[in-house]
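[1] Here is a sequence together with a model predicted from it:
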Amino acid sequence: MKLIILFGPQAVGKMTVGQELEKLTGLKLFHNHMTIELVTPFFSYGSSEGKRLVSLFRQEIFEAVANSSLPGLIFTFVWSFNQQADWDYLERVSQLFESKGATVYWVELEADVNERLERNISPNRLLHKPSKRNTEWSERDLLETMKKHRLNSYEGELNKEHYLRIHTTRRSAEETASLIKDTFRL
């Protein structure tokens, strides 16, 4: 079994790359907004109840997949490197899969902010993430989050056996997914 963790800032292309990687590998995509969009009609993701429910649904899915005969999972995540809770969370997720014999692949995406602002309003993003359809709010959130959180790692900060960092500003989702597939021989 394989777990591919695609991480990076908002609108860097995690979901879109994940969609392409799903086509190439047959691994199922579990993008982070699948649970956020499920909970948002009832509780804001920023609320304690919203966060609790998102966490609960994700954990149940992770456990079910880790205990299944599926070949693996692609999971997307916005990792705040200046928050220990995010480090701890991803460590727990990876340990769950590794305890079942899975290999975990860490794929960090980065892109220039102007490119991310363009991607923030792409039709594919807005189709799959209804909470981002208020594009004025979404753009403001993207810019404010950059000021509060460090959303890409420092050079050499991640010491993972299967780690790849890709600058996606001038790279299509298809090219990025192919690079991931080829690098890790998926």
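    Structure's in. What do you need?
[2] hey, which helix is longest across the protein?
    helix 48-66 (DSSP state H).
[3] What mean pLDDT does the next helix or strand after it get?
    Note on helix 48-66: by DSSP states H and E, the next helix or strand toward the C-terminus is strand 72-77. Strand 72-77 shows an average pLDDT of 97 in the prediction.
[4] Buried residues in the lowest-mean-pLDDT helix or strand in the chain, which are they?
    Comparing helices and strands within the chain by mean pLDDT, DSSP states H and E singles out helix 123-128 as the least confident, with a mean of 82. The neighbour-count check on helix 123-128 (16 or more other C-beta atoms under 10 Å) flags residue 125 as buried. For every residue, glycine as well, the C-beta is placed using N, CA and C.
[5] just to revisit the earlier point, now the angle between strand 72-77 and the longest helix of the chain, please.
    160 degrees (axes from the mean of the first three to the mean of the last three C-alpha atoms, to 10 degrees).
[6] How about residues contacting helix 48-66?
    By C-beta atoms under 8 Å, 6 or more residues apart in numbering, the surrounding residues in contact with helix 48-66 are 1, 28, 30, 35-36, 38-40, 42-45, 72-73, 75, 93, 96-97, 99-100, 102.
[7] rerun at 6 Å
    Helix 48-66 has contacts (C-beta atoms under 6 Å, 6 or more residues apart in numbering) with 35-36, 39, 43-44, 73, 93, 96-97, 100.
[8] of all the residues you listed, which comes closest to residue 81?
    Closest approach between the contacts of helix 48-66 and residue 81, by C-beta to C-beta: residue 93, at 16.1 Å.
[9] Just give the closest residue to the residue nearest the centre of the chain, not the sequence neighbours.
    To find the centre residue of the chain, average its C-alpha atoms and take the closest one (C-alpha atoms, centre = their mean): that gives residue 76, at 1.6 Å. Nearest residue to residue 76, sequence neighbours excluded (C-beta to C-beta, 6 or more residues apart in numbering): residue 14, at 3.9 Å.
[10] Count residues in the vicinity of that neighbour, would you?
    29 (other C-beta atoms under 10 Å).
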